[in-house]
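Colleague: pasting a predicted model and its sequence here:
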Amino acid sequence: MSTLETSLRPAVAQAIEALPCTRALPAWYAPAKRAIDVSVAAVGLLITAPVLAVAMGAIVVATGAGPIYRQERVGAGGQRFKMWKLRTMVPNAHERRHEVRHLNEADGPVFKVRCDPRLHRFGRFLRRTSIDELPNFVNVLLGDMSIVGPRPPLPEEVASYDRRAMRRLSVKPGVTCLWQISGRSELSFDQWMELDSIYIDRWNPLSDLLIIARTIPAVIRGVGAH
């Protein structure tokens, strides 16, 4: 276990405990959400299997490395898990991060580069179409993630969170969210956190279904996807 992890978990737990109580939810909300998660993830993997197969083959050709990339993220309650993604960068991308820090286009404790030079030849297309996120459905089936919820942050991002941002760790992270359908990287970090807070305060099974339905045209438009 890393030094960052041992110092992060108590801080996350304390911060979440200090948050104001959210509304009381009907008992059937949790099982309904899980039913939606499993159903959508299973169907999503089945429908997109041909796309995944082609994308994985293209990644192997472009990089000579495995097409699946498992990246450490922080979930509900500060628990870490390995998030499944398609590889969009060259194999040594993490070691080269210091080379591109000056290109960061995002505010707040996040790192976003529209034309990251570490992307392999198909990487930008995979990100713009969100095909790289399709393996997230595996995390949903494993119970690490939900279909709808705040996007899971990196540990180093959480280490810089303030009290408001820490609130997003009070619920299970998601494949899609209000931020995902509202402009993604075109929004500021403060707007992103505000949308996550609105979701946490107001979510219900019907709102999850509506967000899922709105995700499809948002992905097709590709606004803010990079």
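Modeller: The structure has been received and is ready for your questions.

Colleague: quick check: A32 touching P205?
Modeller: Yes - look at A32 against P205 with C-beta atoms under 8 Å: they come within range, at 4.3 Å. Where C-beta positions appear, they are placed from N, C-alpha and C, glycine not excepted.

Colleague: give me the common contacts of the two.
Modeller: Contact with both A32 and P205 is made by no residue, according to C-beta atoms under 8 Å, 6 or more residues apart in numbering.

Colleague: where does this structure dip in pLDDT?
Modeller: 1-22, 223-226 (pLDDT under 70).

Colleague: phi, psi of the residue sitting nearest the centre point of it?
Modeller: Nearest to the mean C-alpha position of the chain, counting by C-alpha atoms, centre = their mean, stands R151 at 3.4 Å. Here is the backbone geometry of R151 (degrees, to the nearest 10): phi -60, psi 140.

Colleague: list the buried ones in the helix ranked longest in the chain?
Modeller: Using DSSP state H, we find that the single longest helix of the chain is helix 29-63. Buried residues in helix 29-63, counting neighbours by 16 or more other C-beta atoms under 10 Å, are found at 32-33, 36-37, 40-41, 44-45, 52, 55-56, 58-59, 62-63.

Colleague: same check, this time on stretch 92-103
Modeller: A93.

Colleague: change the start of the numbering to 19 and stick with it
Modeller: Right, with 19 as the first residue, what we last looked at is stretch 110-121.

Colleague: so how far is that stretch off the chain centroid?
Modeller: Centroid separation for stretch 110-121 versus its chain: 20 Å, with C-alpha atoms, centre = their mean, to the nearest Å.

Colleague: check what contacts that stretch and list those residues.
Modeller: 108, 129, 131, 134-136.

Colleague: what is the end-to-end distance of that stretch?
Modeller: This stretch, stretch 110-121, spans 18 Å end to end (C-alpha to C-alpha, to the nearest Å).

Colleague: and what of stretch 173-191?
Modeller: With C-alpha to C-alpha as the measure, stretch 173-191 spans 14 Å from end to end.

Colleague: okay, helices next: where are they in this protein?
Modeller: Using DSSP H, helices in the chain cover 21-35, 47-81, 115-118, 141-146, 154-160, 173-176, 181-184, 207-220, 223-239.

Colleague: for the second one, packing partners?
Modeller: Packing partners of helix 47-81 (3 or more C-beta pairs under 8 Å, 6 or more residues apart in numbering; DSSP states H and E): strand 98-104, helix 141-146, helix 154-160, strand 164-166, helix 223-239.

Colleague: dump the second one to PDB, restricted to CA.
Modeller: Translated: helix 141-146. Only the C-alpha atoms of helix 141-146 are listed here, as PDB (Å, rounded to 0.1, in the frame of the first residue of the first chain):
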ATOM      1  CA  GLY A 141      -6.300   7.500 -29.300                       C
ATOM      2  CA  ARG A 142      -8.000  10.800 -30.000                       C
ATOM      3  CA  PHE A 143     -10.700   9.100 -32.000                       C
ATOM      4  CA  LEU A 144     -11.300   6.600 -29.200                       C
ATOM      5  CA  ARG A 145     -11.700   9.400 -26.700                       C
ATOM      6  CA  ARG A 146     -13.800  11.700 -28.800                       C
END
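
Colleague: mind listing what's buried in that helix?
Modeller: Here helix 141-146 shows 141-142, 144-145 as buried, counting by 16+ other C-beta under 10 Å.

Colleague: related to what we said a few turns ago, which residues touch the residue nearest to the centre of the chain?
Modeller: Each residue near R169 by C-beta under 8 Å, 6+ apart is listed here: 191-192, 195, 197-198.

Colleague: mind putting those into JSON lines with distance to R181?
Modeller: Below are those laid out as JSON lines (distance: C-beta to C-beta, whole Å):
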{"residue": "P191", "distance to R181": "19"}
{"residue": "G192", "distance to R181": "21"}
{"residue": "C195", "distance to R181": "20"}
{"residue": "W197", "distance to R181": "19"}
{"residue": "Q198", "distance to R181": "24"}
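
Colleague: thank you, goodbye.
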